[in-house]
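> have a look at this prediction, sequence included:
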Amino acid sequence: METIGLGKTGEKVPTIGIGTWKMNRDESGIAAIRAGMDAGMWLVDTAEMYGTEETVGRAIKGYNAFVATKVSPHHFHYDDVIRACDASLKRLGVKHIDLYQLHWPNTGIPIRETMGAMEKLVDDGKVRYIGVSNFSIEEMTEAQESMKRYEIVSNQVEYSIITRDIEKGLLRFSNDVGATVIAYSPFGSGKLFDKRYAELLSLIDNIGLKYSRTATQVALNWVVSHKGVSAIPKAGSAEHMKQNAESANFAMSKDDHKRISDALSRFPENRPIAGSLGPIVKKTSSFWGRVVRYREAMRGTLPTAKSRK
Ligand code: NAP
């Protein structure tokens, strides 16, 4: 597997890793994650919010995996960050988290307080590197300026052939400050396979024939062909995992890149999650708490209004 530098740390991580949002939490999810790691994608991304940390923990047993997880915005007060990290370590069954990321900005809690806790986690050896997710240029700058001893090594943001919002400035900024972009939803959370993109899929499928690659491999290759960009597709089967793992190891010609770039302007851009929801959720510190409590209730770990009656 091709590797990419993680920020300015000197550490190399696979250019394509594994996303686990909505991953099955049973044996099939574990088998899929292991198939991905066997194929070379030894970076596994999860989040306390996904409910997949235990599944990831079980899957990585016996593997030398690079584990990335995220603290939820409703846990951004100092003590909550520490507690959330301890809980993630336990669910993952690891001694340290390789990359601990702030899942979304939360303007309701001073960033200095949150970043202070992140630094403490590194000092204590519970976390190796600090990352952020869904942060704008201004938010990354403020978060970095709030830290005394460590650098933000990455920003995990939505980027795909159909969602190219970060090209408006964030990608360039990340390159300039030396933070790796970890592209999430590199297939637009599956929207790339919608009817409205059929013509685009057919074009990249056609280009893929030249390189003996599928349309999805071309789509992933396009994402990681940008400087400083890695990707974390989610796949539920060994077959999809293997295909994804074989997506960074070929170089498309300049002509083919141009054919794709020229075509992209003809298709509606898929609105990024951070674009549509971002302005609301970043300002609503209680929003994520409600989301998480709702999810826990649905999983039966908290009483629902119905069951209390
Ligand atoms: P995605 O990776 O863009 O797309 C997943 C979809 O693509 C699934 O339906 C999957 O189907 C399909 N797929 C995967 N590989 C395929 C292949 N080779 N051929 C055909 N179809 C394929 O979606 P995502 O889950 O939104 O994003 C990936 C990861 O990014 C998440 O799991 C999560 O770790 C991260 N993420 C982070 C944030 C954040 O706020 N930081 C937000 C969203 C996502 P199957 O499942 O059937 O294989």
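Yep, that arrived.

> tell me where the stretch 51-200 of the chain has strands.
Under the criterion DSSP state E, counting those that start in this stretch, the stretch 51-200 of the chain contains strands at 66-71, 97-102, 127-133, 152-158, 180-184.

> pretty sure V56 sits against L43.
No - when contacts are counted by Cβ atoms under 8 Å, V56 is not listed as touching L43 (11.2 Å). In this view, the C-beta of every residue, glycine as well, is placed from N, C-alpha and C.

> give me the more crowded residue out of those two.
Taking neighbours as other Cβ atoms under 10 Å, V56 and L43 compare with V56 leading, 29 against 26.

> contacting residues for that one?
V56 sits next to T20, I33, V44, T46, V67, T69, L92 when contact means Cβ atoms under 8 Å, 6 or more residues apart in numbering.

> sitting in helices, which of those residues do you find?
I33, L92 (DSSP state H).

> among the contacts of V56, which pair sits farthest apart?
For the contacts of V56, the maximum inter-member distance is 13.7 Å, found between I33 and T69 (Cβ to Cβ).

> hey, what's the closest residue to the ligand within the stretch 1-150 of the chain bridged with?
Closest approach of the stretch 1-150 of the chain to the ligand (Cβ to the nearest ligand atom) occurs at G19, with a separation of 2.3 Å. Here G19 sits in beta bridges with D45, going by DSSP bridges.

> thought it was touching G236?
No - look at G19 against G236 with Cβ under 8 Å: they stay out of range, at 10.7 Å.

> neighbour count for the two, which is higher?
G19 (30 against 15).

> so how far is F187 from the more buried one?
10 Å (Cβ to Cβ, to the nearest Å).

> same question, V177
Here V177 is placed at a distance of 27 Å from F187 (Cβ to Cβ).

> if we can go back for a sec, for the residue of the stretch 1-150 of the chain closest to the ligand, which residues are in contact?
Here G19 is in contact with D45, Y184, S185, I232, P233, K234 (Cβ under 8 Å, 6+ apart).

> and the pLDDT at it?
Confidence at G19, expressed as pLDDT, is 98.

> re the thing from before, which stretch among the strands of the stretch 51-200 of the chain comes nearest M1?
strand 66-71 (11.5 Å).

> right, is the closest one up against the ligand?
No - Strand 66-71 lies apart from the ligand when judged by Cβ under 6 Å from any ligand atom; the minimum separation is 6.5 Å.
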